[in-house]
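> next one to model:
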Amino acid sequence: MGKTLTERRSQIEAAITDAEKRKKEAAAALADQQQKLAQAQTEATRIRATAEDNAKSAREAILVQAEQDIQRMKETAAQDLATQQERITRELRQRTAALAMERAESQLRSDVNDNAQQQLLDRSITMLGGR
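Residues are numbered from 1 along each chain as shown. Below you'll find the predicted structure:
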């Protein structure tokens, strides 16, 4: 019986030693996993901060580009407007001059009759001959 008890005691001690060993291994594995989790959380925080910075920079760049586009569109519109105004003014002047010429010619035709035309010719000839 002593031998059986000794064997049983050895088995129990081996089981306890094995259990303690597995407990230490589990604790080490848990600590390792907790460290990896902390590193992953730190990395996730860093990635998020980087993404937020990138998003902020992209937003600012987009706003600057939009402002530049708006300014360029305003300048182009102003140039187009000035060009159209110049063209319209030029056309109006040409049309006004043409209408004035037409009216003057019409007025001269109606006001100058044959007798007046003869007198103008005679005076012109006299002036040319008198020189």
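> any idea how far residue 102 is from residue 23?
115 Å (C-beta to C-beta, to the nearest Å). In this view, the C-beta of every residue, glycine as well, is placed from N, C-alpha and C.
> do residue 57 as well
67 Å.
> could you report the neighbour count for residue 93?
10 (other C-beta atoms under 10 Å).
> repeat for the one 5 residues further on
Taking other C-beta under 10 Å as the criterion, the count of residues near residue 98 is 10.
> secondary structure class for it?
Per DSSP: H, G, I helix; E, B strand; the rest coil, the local secondary structure of residue 98 is helix.
> please state the offset of the helix or strand of the chain with the lowest mean pLDDT from the chain centre?
Lowest by mean pLDDT, DSSP states H and E among the helices and strands of the chain is helix 114-130, with a mean of 77. Distance of helix 114-130 from its chain centroid, counting by C-alpha atoms, centre = their mean, to the nearest Å, is 75 Å.
> thanks a lot, see you next time.
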